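Asker: Next one to model:
(chains A, B, C and D)
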Number of protein chains: 4
Amino acid sequence: MTNIDHLAERLRTFAAERDWEQFHTPKNLAMALVGEAGELISEFQWLTPEESATVMEDQELAHRVRAELADVFLYTVRLADLLEIDLLQAAHQKIDENERRYDTSTFKGTAKKAPH
Amino acid sequence: MTNIDHLAERLRTFAAERDWEQFHTPKNLAMALVGEAGELISEFQWLTPEESATVMEDQELAHRVRAELADVFLYTVRLADLLEIDLLQAAHQKIDENERRYDTSTFKGTAKKAPH
Amino acid sequence: MTNIDHLAERLRTFAAERDWEQFHTPKNLAMALVGEAGELISEFQWLTPEESATVMEDQELAHRVRAELADVFLYTVRLADLLEIDLLQAAHQKIDENERRYDTSTFKGTAKKAPH
Amino acid sequence: MTNIDHLAERLRTFAAERDWEQFHTPKNLAMALVGEAGELISEFQWLTPEESATVMEDQELAHRVRAELADVFLYTVRLADLLEIDLLQAAHQKIDENERRYDTSTFKGTAKKAPH
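Answerer: Numbering: from 1, shown residues only, chains lettered A, B, ... in the order given. Sure thing, here's the model as predicted:
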């Protein structure tokens, strides 16, 4: 069992103990995920890129950013668990794909998107 | 090294090889994360909750949902890496906290939020 | 002057009086907009579609939804003002386009997306 | 009839002609709104704040930003119409509130949030 499987299991138990599976449709979990991502982004919205690089030096802000990123991660794990998606495998495949799509010579130093 | 550390390392190399670290400020990565979460939610927006539970039975839709969830996960890992947040530890602490906050008797079967 | 121009003007004055123009780059405003949209979606995430149709009957919830939709609207207006986008014209053009793209016979009763 | 009412009416007709009212629950429309906001933010994610200020000079990018902001606006109008929220009134009330909450002397030049 990977450490992500272990997290997924804790979340499954957490939901079961509260009879919350009824709320945890993929649709609702996707909404919750985006809601948490929205909270995360709110912490960064008025910061310059430079300020955003040092958020962890402010203890209170660091605490919030950490908690919000954890929330995003937890909903990602929970949603993947429900959809029976192997998150690690899917992630590695995506990097494989991106390595092919964004070859290092063409995309060096440019944020331009590759044609699909 | 955990499997998440391993992913983070691949992403670090991926960015370095393309000279993309300049784009990967926490601010920008938070934006990218929310953008991917938005793509994920688009797959679910017109589905009934019941339909959303069977998205993985449609091969094409399953493929997209899997890829978009992977993107969300990858930006979460990348952002955590940059901010030096231990994602697994932060996630477990968040569940610990939620276990205290949402006691099983008060919150059984209700989606009401706990007072902060 | 349309009522949207009037809103834009109030927002311009509001920002100027607080010396907040420095924060109001299009990038930051787009983030703020998505953050508010995330707050809006949080109100709906655990509701059934049917429950979501009656949110305005709950006074407290109605108040929050109204305030959050107003926030989304205000950032939309502010961003459009900064980018010199005529929001009403752009909106009408988008409907024109959608009328062509989603002809009533092919798309009757189906949420399938039109090919681009 | 305000120009926003007029837009709302066009959207109502558009949905009715396609028998799409069944998809337009507030829950689903909030998701669609956030999805469009996510597309909008994607245009800005790798830009510096300075570059984000000149997006309208790039014709292709300007076209996309305008279309995506129009989409956000349209879903905002449609959702408000369904919930019978007067968008203009709600927006002006929100500015009134913000004028009280963020007094010009305390908040001059600072992006700090007011305590609730």
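
Asker: When you work out contacts or count neighbours from here on, use the C-alpha atoms and nothing else.
Answerer: OK.

Asker: wait, does the helix or strand of chain A with the lowest mean pLDDT make contact with chain B?
Answerer: Lowest on mean pLDDT, DSSP states H and E among the helices and strands of chain A sits helix A:49-52, with a mean of 94. Yes - on the criterion C-alpha under 8 Å from any C-alpha of the partner chain, helix A:49-52 is in touch with chain B at A:49-50, A:52.

Asker: Among these, which one lies nearest to B:Leu83?
Answerer: B:Leu83 lies nearest to A:Ser52 out of the residues of helix A:49-52 next to chain B, by C-alpha to C-alpha, at 9.7 Å.

Asker: secondary structure class for the residue sitting furthest away from the middle of chain A?
Answerer: The C-alpha centroid of chain A is most remote from A:Ser105, which lies 28.8 Å away (C-alpha atoms, centre = their mean). Three-state call for A:Ser105 (DSSP: H, G, I helix; E, B strand; the rest coil): coil.

Asker: All the helices of chain A, in order from the start?
Answerer: A:3-17, A:26-44, A:49-52, A:59-83, A:87-101 (DSSP state H).

Asker: highest average neighbour count across those?
Answerer: helix A:26-44 (a mean of 27; mean count of other C-alpha atoms under 10 Å in any protein chain shown).

Asker: Could you give the average pLDDT over it?
Answerer: Helix A:26-44 comes out with an average pLDDT of 98.

Asker: Can you list the helices and strands that that helix packs against?
Answerer: Applying 3 or more C-alpha pairs under 8 Å, 6 or more residues apart in numbering or on different chains; DSSP states H and E, we find helix A:26-44 packed against helix A:59-83, helix B:26-44, helix B:49-52, helix C:26-44.

Asker: Establish whether the third one and chain A are in contact.
Answerer: Put plainly, it is helix B:49-52. Yes - counting by C-alpha under 8 Å from any C-alpha, chain A has neighbours in helix B:49-52: B:49-50, B:52.

Asker: Give me the below-cutoff pLDDT ranges for chain A.
Answerer: A:115-116 (pLDDT under 70).

Asker: Residues of chain A that sit close to chain C?
Answerer: Counting by C-alpha under 8 Å from any C-alpha, the residues of chain A that sit close to chain C are A:23, A:28-29, A:31-32, A:34-39, A:41-42, A:45-47.

Asker: Try it again at 7 Å.
Answerer: A:23, A:28, A:31-32, A:34-35, A:38-39, A:41-42, A:45-46 (C-alpha under 7 Å from any C-alpha of the partner chain).

Asker: ok so, going back, with distance to D:Glu99 added, can I get the helices and strands packed on helix A:26-44 in a markdown table?
Answerer: Formatted as a markdown table, the helices and strands packed on helix A:26-44 follow (distance: least, C-alpha to C-alpha, whole Å):
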| stretch | distance to D:Glu99 |
| --- | --- |
| helix A:59-83 | 26 |
| helix B:26-44 | 28 |
| helix B:49-52 | 41 |
| helix C:26-44 | 18 |
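
Asker: Nearest to C:Arg100, out of the ones you listed?
Answerer: Going by C-alpha to C-alpha, the one of these nearest C:Arg100 is helix B:26-44, 21.7 Å.

Asker: which residues are contacting that closest one?
Answerer: A:27, A:30-31, A:34, A:37-38, A:41, A:44, A:49, A:52-53, B:52, B:65, B:68-69, B:71-72, B:75-76, B:79, D:31-32, D:34-35, D:38-39, D:41-42, D:45-46 (C-alpha atoms under 7 Å, 6 or more residues apart in numbering or on different chains).

Asker: Pull the distance from it to the chain's centre.
Answerer: 9 Å (C-alpha atoms, centre = their mean, to the nearest Å).

Asker: Now do that helix against helix B:59-82, angle only.
Answerer: 160 degrees (axes from the mean of the first three to the mean of the last three C-alpha atoms, to 10 degrees).

Asker: Output helix B:26-44 as CSV, restricted to C-alpha atoms.
Answerer: What follows is helix B:26-44 as a C-alpha-only set of coordinates in CSV (Å, rounded to 0.1, in the frame of the first residue of the first chain):
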residue,chain,number,x,y,z
PRO,B,26,4.2,30.0,-6.3
LYS,B,27,1.7,32.6,-7.7
ASN,B,28,1.9,31.3,-11.2
LEU,B,29,1.7,27.7,-10.1
ALA,B,30,-1.4,28.4,-8.0
MET,B,31,-3.0,29.9,-11.1
ALA,B,32,-2.1,26.9,-13.2
LEU,B,33,-3.5,24.6,-10.5
VAL,B,34,-6.8,26.4,-10.5
GLY,B,35,-6.9,26.4,-14.3
GLU,B,36,-6.5,22.7,-14.3
ALA,B,37,-9.2,22.3,-11.6
GLY,B,38,-11.4,24.4,-13.8
GLU,B,39,-10.9,22.0,-16.7
LEU,B,40,-11.7,19.1,-14.4
ILE,B,41,-14.9,20.7,-13.3
SER,B,42,-16.0,21.4,-16.9
GLU,B,43,-16.2,17.7,-17.4
PHE,B,44,-18.8,17.4,-14.6
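
Asker: Looking at the residues of helix A:49-52 next to chain B, spot the one nearest chain D.
Answerer: Set against chain D, the nearest of the residues of helix A:49-52 next to chain B by C-alpha to the nearest C-alpha is A:Pro49 (7.8 Å).

Asker: quick check: domain ranges of chain A?
Answerer: A:3-85, A:87-116 (automatic domain parsing).

Asker: how about the residues of chain A near chain B?
Answerer: Counting by C-alpha under 7 Å from any C-alpha, chain A sits next to chain B at A:17-20, A:25-27, A:30-31, A:34, A:37-38, A:41, A:44, A:49, A:52-53, A:56, A:66-67, A:69-70, A:73-74, A:76, A:83, A:85, A:87, A:90-91, A:94, A:104, A:107-109.
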